[in-house]
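> Structure for the following, please:
(one chain, ligands or ions: 1)
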Amino acid sequence: MSRRILIAGNWKMNKTSAEGATLVGEVLAGLPSGNLPEILVFPPYLTIPAVVAAAKGSAIEVGAENVHWAESGAFTGEVSTAMLKDAGVTHALVGHSERRQYFGETDETVNKRAAAAISAGLVAVICVGETLAEREAGETASVIDRQTRKALEGISDTSRVVIAYEPVWAIGTGKTATPDMAQEVHAQIRAILKDLYGDAADSIRILYGGSMKPANAPELLAKPDINGGLIGGASLKAPDFLALVKAGAEA
Ligand code: PEP
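Reported below is the predicted structural model:
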C-alpha cells in the first residue's frame with residue numbers, strides 16, 4: 001500500500017509574520033526537484049495570512065495549530081473552521097500534547113475539534129501519545145487505544161484523517177523513540193484504524209513526532225507504518241526542514 005509521505009512542521013508559538021514568510025521562501029528556494037513528499041506547515045494563527053501568501057501556488061500547504069468546533073459564538077480566544085478556510089488553511093492540528101498538558105484539552109474536546117474540522121472540509125492531524133509516566137507504568141497501549149478511538153468517534157471520512165503519534169517524553173527533549181519502538185505503536189494504531197474502518201485504514205497516514213531530525217528521519221521513515229513526520233524544533237530552520245523533506249522524498 002503506497003501512502004504519500006507527509007512532512008509537517010509545527011511552528012508552535014514561534015515566528016512573526018515576516019519571519020514565517022521568510023522561512024517559507026527559504027524552503028521553497030531549496031526544494032529538490034523531482035518527487036516531493038506532501039509538505040505542510042502549522043504557523044501560529046495570527047501569522048497564517050502572511051504564510052499562506054508566501055506559500056501561494058507552491059508545494060507547501062498551511063494548517064492551523066488548533067480549531068474550535070462551533071461555527072461562531074461566545075468562545076473567547078477560539079477560531080472557527082470558516083475563519084481558517086477563509087484564510088486559506090487546509091489542515092488543522094488537533095490534540096497536540098502541549099494543548100492536552102497546558103490547556104485542558106481532553107479526549108472529548110479533541111474529538112469535537114477533529115469532527116468539526118473534517119466536516120468543514122479540513123484535514124485533521126490528530127495527535128496521540130503517552131507521557132513518560134504512562135510508558136513506565138506499561139500503559140502505552142491502553143493510552144493510545146483510548147485516545148485514538150475517542151478522537152475518531154463518529155468520524156467516517158477517513159480521507160481527511162491523519163494521525164500523529166507523538167510520545168510526550170520525546171517532544172522537544174532531544175529523546176527520540178527508536179524506530180522499532182515507534183513502529184510498534186504505529187502498528188497498534190494501524191490495527192485500531194483497521195478495526196474502525198476496515199480496508200480504508202490502509203490509506204490513512206500515521207506520522208511520527210518527537211525530536212525527529214535529519215539524522216534520525218531516514219531510519220524512522222523506513223518503517224512500514226511511519227508515513228511521515230510532525231516536526232517541531234527542526235521545522236524552524238530551513239536547512240533542517242529541507243533535509244527532512246529530502247528524507248521524505250527518498251523514503
Ligand atoms: C511537536 O511539537 O509536534 C514536536 C514533535 O516537536 P519536536 O520535534 O521539537 O520534538
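> what's the distance between the residue of the stretch 151-251 of the chain found nearest the ligand and Ala54?
When distances are taken as Cβ to the nearest ligand atom, the stretch 151-251 of the chain reaches nearest to the ligand at Gly232, 2.2 Å away. Placement of C-beta: from N, CA and C, glycine included. Distance check for Gly232 against Ala54: by Cβ to Cβ, to the nearest Å, it reads 20 Å.
> and what of Ser119?
From Ser119 to Ala54 the distance is 29 Å (Cβ to Cβ).
> Show me what from the stretch 51-200 of the chain comes close to the ligand.
Contact residues (Cβ under 6 Å from any ligand atom) of the stretch 51-200 of the chain with the ligand: 166, 171-172.
> now, among those residues, which is nearest to Ile189?
Using Cβ to Cβ, Glu166 comes nearest to Ile189 of those, at 11.6 Å.
> Burial check on that closest one, number of neighbours?
A count of nearby residues for Glu166, using other Cβ atoms under 10 Å, gives 26.
> Repeat that for Pro218.
Residues near Pro218, counting by other Cβ under 10 Å, number 16.
> and the residue nearest to it when sequence neighbours are not counted, backbone torsions?
Spatial nearest neighbour of Pro218, chain neighbours left out: Ala247 (5.1 Å); criterion: Cβ to Cβ, 6 or more residues apart in numbering. Here is the backbone geometry of Ala247 (degrees, to the nearest 10): phi -60, psi -40.
> show me what contacts Ala247?
The contact partners of Ala247, by Cβ atoms under 8 Å, 6 or more residues apart in numbering, come to 7, 214, 217-218, 221.
> Show me the two of those that sit farthest apart.
The widest separation within the contacts of Ala247 (Cβ to Cβ) is 12.5 Å, between Ile7 and Pro218.
> And the strands in the stretch 51-200 of the chain?
60-64, 91-94, 123-128, 161-165 (DSSP state E, counting those that start in this stretch).
> quick one: strands adjacent to the first one?
When you say that, I think you mean strand 60-64. Here strand 60-64 has these sheet partners by DSSP bridges: strand 38-42 (parallel), strand 91-94 (parallel).
> The last one now?
Taking DSSP bridges as the criterion, strand 161-165 pairs within the sheet with strand 123-128 (parallel), strand 205-209 (parallel).
> buried sites along the next helix or strand after the last one?
Put plainly, it is strand 205-209. Beyond strand 205-209 on the C-terminal side, the first helix or strand identified by DSSP states H and E is helix 217-221. Residues of helix 217-221 classed as buried: 217-218, 220-221 (neighbour count, 16 or more other Cβ atoms under 10 Å).
> Make JSON lines out of those and add distance to Lys237 and pLDDT.
Below are the buried residues of helix 217-221 laid out as JSON lines (distance: Cβ to Cβ, whole Å; pLDDT from 0 to 100):
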{"residue": "Ala217", "distance to Lys237": "14", "pLDDT": "97"}
{"residue": "Pro218", "distance to Lys237": "18", "pLDDT": "97"}
{"residue": "Leu220", "distance to Lys237": "19", "pLDDT": "97"}
{"residue": "Leu221", "distance to Lys237": "19", "pLDDT": "97"}
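> May I see those organised as CSV, with distance to Tyr197 added?
Conversion of those to CSV gives the following (distance: Cβ to Cβ, whole Å):
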residue, distance to Tyr197
Ala217, 28
Pro218, 29
Leu220, 24
Leu221, 23
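> Closest one of those to Thr106?
Leu220 (28.8 Å).
> And that closest one, how far from Leu230?
Taking Cβ to Cβ, one finds Leu220 at 12 Å from Leu230.
> Pull up the overlap in contacts between these two.
Joint contacts of Leu220 and Leu230 (Cβ under 8 Å, 6+ apart) are 208, 212.
> Great, nothing more from me.
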